[in-house]
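Visitor: build me a model from this:
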Amino acid sequence: MSLIQQLLSDDVGILSLITIVVAAVVVAVCAVLFIRKSKAPDPK
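Guide: Alright, predicted model coming up:
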């Protein structure tokens with residue numbers, strides 16, 4: 001818990017947390033799109 005408090009205690013930590021969250025969201029969206037695309041039937 002103290003690590004999170006240290007991370008949020010200054011601006012650089014907050015920006016780092018935002019960067020980590022945005023990167024995780026981008027990876028999750030790409031994974032979902034890839035899975036949907038791979039399950040879709042091939043167009044003929």
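
Visitor: mind checking how far Ala28 is from Leu8?
Guide: 23 Å (CB to CB, to the nearest Å). For glycine as for every other residue, the C-beta is placed from the backbone atoms N, C-alpha and C.

Visitor: longest helix in the chain, please.
Guide: helix 11-39 (DSSP state H).

Visitor: what's that one packed up against?
Guide: Judged by 3 or more CB pairs under 8 Å, 6 or more residues apart in numbering; DSSP states H and E, the packing partners of helix 11-39 are helix 2-7.

Visitor: poorly predicted segments of the protein, please.
Guide: Counting by pLDDT under 70, not a single residue of the chain qualifies.

Visitor: tell me which residue lies nearest the centroid of it.
Guide: Ala24 (1.2 Å; CA atoms, centre = their mean).

Visitor: now it: how far from Asp42?
Guide: Counting by CB to CB - Ala24 and Asp42 are separated by 31 Å.

Visitor: quick one: contacts for the closest residue to Leu17 other than its chain neighbours?
Guide: The shortest distance from Leu17 to any non-neighbouring residue, by CB to CB, 6 or more residues apart in numbering, is to Leu7 (6.0 Å). With contact taken as CB atoms under 8 Å, 6 or more residues apart in numbering, Leu7 is in contact with Gly13, Ile14, Ser16, Leu17.

Visitor: which residues touch stretch 15-33?
Guide: Residues contacting stretch 15-33 (CB under 8 Å, 6+ apart): Leu7, Leu8.

Visitor: same check on stretch 34-41?
Guide: With CB under 8 Å, 6+ apart, stretch 34-41 has no contacts at all.

Visitor: alpha carbons of it, as PDB, please.
Guide: Once non-C-alpha atoms are left out, stretch 34-41 reads as follows in PDB (Å, rounded to 0.1, in the frame of the first residue of the first chain):
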ATOM      1  CA  PHE A  34      -7.800  -9.700 -32.700                       C
ATOM      2  CA  ILE A  35     -10.000 -12.400 -31.000                       C
ATOM      3  CA  ARG A  36     -13.100 -11.100 -32.700                       C
ATOM      4  CA  LYS A  37     -11.400 -11.000 -36.000                       C
ATOM      5  CA  SER A  38     -10.000 -14.500 -35.700                       C
ATOM      6  CA  LYS A  39     -13.400 -15.900 -34.800                       C
ATOM      7  CA  ALA A  40     -15.200 -14.200 -37.700                       C
ATOM      8  CA  PRO A  41     -16.000 -16.400 -40.700                       C
END
